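[1] Give me the fold of what follows.
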Amino acid sequence: MFLILFGVLLVMWLLGFLAFHVAGGLIHLLLVVAVIALIVHFVRGRSAG
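    You can find the predicted model right below:
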């Protein structure tokens, strides 16, 4: 689930970064959320195993 969320947010960030330069702050916030979701995914996966 976290990988899907990461992928969606990363694609949204890339599209927004390349296409819509207006809402730069919000788009970079999406990138931060995607990175945090990826880190949480790996930390939980590592501690569960």
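[2] neighbours around Gly45, how many?
    11 (other Cβ atoms under 10 Å). The way it works is simple: take the backbone N, C-alpha and C, and place the C-beta from them, glycine included.
[3] element containing it, please.
    In the assignment (DSSP states H and E), Gly45 maps to helix 24-48.
[4] same thing with Leu14?
    Element membership of Leu14, judged by DSSP H and E, is helix 2-19.
[5] elements contacting that helix?
    helix 24-48 (3 or more Cβ pairs under 8 Å, 6 or more residues apart in numbering; DSSP states H and E).
[6] any idea of the mean pLDDT for the helix it packs on?
    The pLDDT scores in helix 24-48 average 79.
[7] got a list of contacts for that helix?
    Helix 24-48 has contacts (Cβ atoms under 8 Å, 6 or more residues apart in numbering) with Phe2, Leu3, Leu5, Phe6, Leu9, Leu10, Met12, Trp13, Gly16, Phe17, Phe20.
[8] could you give the angle of the helix holding Gly45 to helix 2-19?
    160 degrees (axes from the mean of the first three to the mean of the last three Cα atoms, to 10 degrees).
[9] Pipe the contacts of helix 24-48 into a markdown table and attach distance to His28 and neighbour count per row.
    Formatted as a markdown table, the contacts of helix 24-48 follow (distance: Cβ to Cβ, whole Å; neighbours: other Cβ atoms under 10 Å):
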| residue | distance to His28 | neighbour count |
| --- | --- | --- |
| Phe2 | 20 | 16 |
| Leu3 | 21 | 12 |
| Leu5 | 17 | 15 |
| Phe6 | 15 | 19 |
| Leu9 | 11 | 20 |
| Leu10 | 12 | 16 |
| Met12 | 11 | 14 |
| Trp13 | 7 | 20 |
| Gly16 | 9 | 18 |
| Phe17 | 8 | 14 |
| Phe20 | 12 | 11 |
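[10] so how many other residues sit close to Leu34?
    For residue 34 the amino acid is Ala, not Leu. 20.
[11] quick one: it and Ile4, what's the gap?
    Ala34 sits 11 Å away from Ile4, going by Cβ to Cβ, to the nearest Å.
[12] what residues do those two have in common as contacts?
    Common neighbours of Ala34 and Ile4 (Cβ under 8 Å, 6+ apart) do not exist.
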